[in-house]
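J.: A structural model of the following input is requested.
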Amino acid sequence: MTARRAVGILVLALACYLLLVVQRGVWLIQDGRPVPVALGVAVLVLPLLALWLLWQELRFGLAAERLAAELDADPQVDFEACRAAVEAAPEDWRAWFALGLAYRAAQDNTRARRAVRRAIALHRGAGEQGRPTGPE
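T.: Numbering: from 1, shown residues only. The predicted structure is shown next:
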């Protein structure tokens, strides 16, 4: 199963769950008594939070995928070379993305996500200014 297919299945499952939660929240609000109404409002906040978190993760995944395609990254990266590249050019999104791949290969997912988020931010900044960051 591909990662995209797995994400699609999980998004569908979450959507079904959120619909049920919203339905229950509406039912509680329609009760009219103060406690059920308060619970209904609280229940309706949860799907909004879940949708926002889902959107953030999907944006992260899509942005990382675009950077990988643009960089044509090799999953077998040299960790020390990546760290040296980031130190030499801290504003180069390519160096940060390669470092993220190196961390991922080392199974340090926290640092990998942090490095990829930095690469995405630098890439977006370069696009807004109309100039590439780092050497071409």
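J.: Look up the closest residue to residue 115, ignoring the ones flanking it.
T.: In space, and not counting its chain neighbours, residue 115 is closest to residue 100: 3.6 Å by Cβ to Cβ, 6 or more residues apart in numbering. No exception for glycine: its C-beta is placed from N, CA and C like everyone else's.
J.: Residue 65 versus the one you found, what's the distance?
T.: 12 Å (Cβ to Cβ, to the nearest Å).
J.: Do you know the pLDDT at the residue lying farthest from the centre of the chain?
T.: Taking Cα atoms, centre = their mean, the residue of the chain most remote from its mean C-alpha position is residue 33, at 39.7 Å. On pLDDT, residue 33 comes in at 96.
J.: Check residue 135 too.
T.: 40.
J.: With residue 128 instead?
T.: You'll see residue 128 listed with a pLDDT of 54.
J.: isn't residue 43 right next to residue 24, touching?
T.: Yes - counting by Cβ atoms under 8 Å, residue 24 is a contact partner of residue 43 at 6.0 Å.
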